[in-house]
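Enquirer: what follows is a predicted structure for the sequence shown.
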Amino acid sequence: MAAIRAKKVKKGLNFSIMIVGASGLGKSTFVNTLCDGVVFPKKDYPSSDKLTFEKTVVITPVNVELDLDGVKLSLSVVDTPGFGDNINNEACFNQIIAYIDKQFDDVLGEESRIKRNPKFIDNRVHACLYFIPPTGHALRELDIEFMRKLGPKVNIIPVIAKADTLSPQELIDFKKRVVEDLSYYKIPTYSFPYDEEEDDEETIEENQHLRSLIPFSIIGADETITEGNRRIRCRQYQWGRVEVDNPLHCDFDTLRHALLISHLNDLKEITNDVLYENYRTEKLSHIKDDDLDDGASGHGMDEVMLQKGLLRREEERLRQELALRQQQLKNLEARLSASQTNIAGQD
Ligand SMILES: Nc1nc2c(ncn2[C@@H]2O[C@H](COP(=O)(O)OP(=O)(O)OP(=O)(O)O)[C@@H](O)[C@H]2O)c(=O)[nH]1
Ligand SMILES: [Mg+2]
């Protein structure tokens with residue numbers, strides 16, 4: 001398993017994550033912290049004496065090239081507008097879900113083409129970080145509803161935003177309550193799956209540890225200080241500072257490693273083999289139902305075209321397979337007749 005992973009990692013990788021959550025929870029700051037650079041610059045507003053982020057109002061995918069110990073990772077980060085202060089959260093939800101669906105549809109469309117487009121870019125979202133506000137109470141109805149909608153389409157990783165605003169004990173209690181809620185409301189989240197029989201002990205232990213950290217506590221910061229030759233990313237307060245990369249202060253570094261290194265392939269595989277496959281099956285079964293209901297002239301011409309495309313592709317695949325088999329048969333016959341000639345010659 002590790003060998004296969006290492007091989008894939010060497011080739012250069014791409015990965016796509018989405019950041020979702022209520023407004024002002026530090027989503028854009030997190031992106032900058034994750035990429036260790038300024039993906040979203042701060043703006044200087046005349047009404048304020050502080051530099052601050054521009055509010056994210058549209059879904060913004062950005063591509064960032066990262067170098068992880070010599071391994072190139074092309075990371076697509078999809079920042080989404082914060083919801084919660086909005087009268088119409090529904091519109092915001094729909095916009096986010098439509099984005100995820102659109103990436104699935106693009107792949108489905110591409111698969112149905114006879115000739116693949118070499119320039120096609122697969123933008124399916126492999127992981128969605130869901131930012132939970134650090135209320136210290138429990139999950140809000142809004143969070144439950146949204147995560148339940150998102151869960152069947154994307155690997156959700158719940159995180160507690162601005163974890164530095166809770167005391168260590170408050171954080172422990174809050175995490176416990178969130179875990180109870182996730183289970184009680186049957187919210188499908190990415191669970192760092194492992195197989196007791198197939199996986200080695202180290203993998204099982206690592207995954208159990210990561211599972212025990214859900215929901216990951218997150219601190220985002222743009223500030224960096226230097227102590228000796230140590231570069232520290234932190235938020236400073238009068239009483240001291242909280243360090244982003246210190247596992248004693250929050251789970252940021254552990255989550256970053258899991259996302260971008262250790263579990264990147266697993267998240268991609270689940271996206272392709274389970275989430276996309278479910279989406280595809282459902283979509284195609286709808287096409288069939290629609291055809292039965294309305295006949296081919298009914299609504300959804302795009303979908304009829306899509307189904308025709310899939311059939312055409314299957315036909316092409318069978319034709320190619322037939323040609324290959326015929327060629328193999330010819331080769332076999334040629335070898336057979338050559339060996340018969342040889343035998344006749346020996347006689
Ligand atoms: N205490 C604390 N503040 C944070 C943290 N992360 C970000 N902030 C601050 O929270 C404010 C909002 O941060 P943003 O990153 O713009 O939040 P956002 O979720 O992108 O906001 P919208 O785009 O409006 O949804 C900024 O002033 C940040 O400096 C954190 O981990 N802890
Ligand atoms: Mg933002």
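Expert: Ah, there it is. Ligands and ions are numbered 1, 2, ... in the order given.

Enquirer: let me see the mean pLDDT of stretch 38-56.
Expert: Stretch 38-56 carries an average pLDDT of 61.

Enquirer: one more: stretch 323-334?
Expert: 85.

Enquirer: then stretch 170-182?
Expert: Throughout stretch 170-182, pLDDT has a mean value of 95.

Enquirer: buried residues, that stretch. List them.
Expert: L171, F174, K175, V178, D181, L182 (16 or more other Cβ atoms under 10 Å). Just so you know, the C-beta spots here come from the backbone N, C-alpha and C atoms, and that holds for glycine as well.

Enquirer: ramachandran angles for the residue lying closest to T224 once chain neighbours are set aside?
Expert: Closest residue in space to T224, ignoring its immediate chain neighbours: R233 at 5.3 Å, by Cβ to Cβ, 6 or more residues apart in numbering. Note on R233: its backbone torsions stand at phi -90, psi 120 [degrees, to the nearest 10].

Enquirer: need the buried residues of stretch 170-182 in TSV (columns: distance to E243 and secondary structure).
Expert: Shown next, in TSV, are the buried residues of stretch 170-182 (distance: Cβ to Cβ, whole Å; DSSP: H, G, I helix; E, B strand; the rest coil):
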residue	distance to E243	secondary structure
L171	15	helix
F174	20	helix
K175	19	helix
V178	23	helix
D181	29	helix
L182	28	helix
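
Enquirer: how about the strands in the protein?
Expert: Along the chain, the segments classed as strands by DSSP state E run 13-21, 42-44, 51-53, 60-68, 71-79, 127-132, 156-160, 216-217, 224-227, 230-237, 240-243.

Enquirer: which among the ones you listed is found nearest to ligand 1?
Expert: strand 51-53 (3.3 Å; Cβ to the nearest ligand atom).

Enquirer: out of the buried residues of stretch 170-182, who's nearest ligand 1?
Expert: Among the buried residues of stretch 170-182, and counting by Cβ to the nearest ligand atom, the member closest to ligand 1 is L171, at 12.5 Å.

Enquirer: go ahead and confirm the closest one touches I160.
Expert: Yes: counting by Cβ atoms under 8 Å, I160 is a contact partner of L171 at 7.1 Å.

Enquirer: pull up the overlap in contacts between those two.
Expert: Between them, L171 and I160 share these contacting residues under Cβ atoms under 8 Å, 6 or more residues apart in numbering: S217.

Enquirer: could you list the low-pLDDT ranges of the stretch 201-347 of the chain?
Expert: By pLDDT under 70, the low-scoring segments of the stretch 201-347 of the chain are 287-310, 313, 344-347.

Enquirer: grab the nearest non-local neighbour of whatever residue of it ends up closest to ligand 2.
Expert: In the stretch 201-347 of the chain, no residue comes nearer to ligand 2 than G220, which is 10.7 Å away by Cβ to the ion. With Cβ to Cβ, 6+ apart as the criterion, G220 has its nearest non-adjacent residue at 3.6 Å, and that residue is T29.

Enquirer: what does R148 give?
Expert: I187 (5.6 Å).

Enquirer: list the contacts for that neighbour?
Expert: Residues I144, M147, R148, G151, I156, D181 are the ones in contact with I187 under the rule Cβ under 8 Å, 6+ apart.

Enquirer: can you tell me how far the closest residue to K268 other than its chain neighbours is from ligand 1?
Expert: The spatially closest residue to K268, leaving aside those adjacent along the chain, is H126, at 5.2 Å (Cβ to Cβ, 6+ apart). From H126 across to ligand 1, the span is 21 Å (Cβ to the nearest ligand atom, to the nearest Å).

Enquirer: am I right that H126 is in contact with N14?
Expert: No: contact criterion Cβ under 8 Å: H126 and N14 do not qualify, at 9.2 Å.

Enquirer: neighbour-wise, which of the two wins?
Expert: More crowded of H126 and N14, by other Cβ atoms under 10 Å: H126, with 25 against 16.

Enquirer: and the helices in the chain, which stretches?
Expert: In the chain, the helices defined using DSSP state H lie at 2-10, 27-35, 89-111, 141-150, 168-184, 201-213, 252-257, 264-270, 277-294, 301-346.
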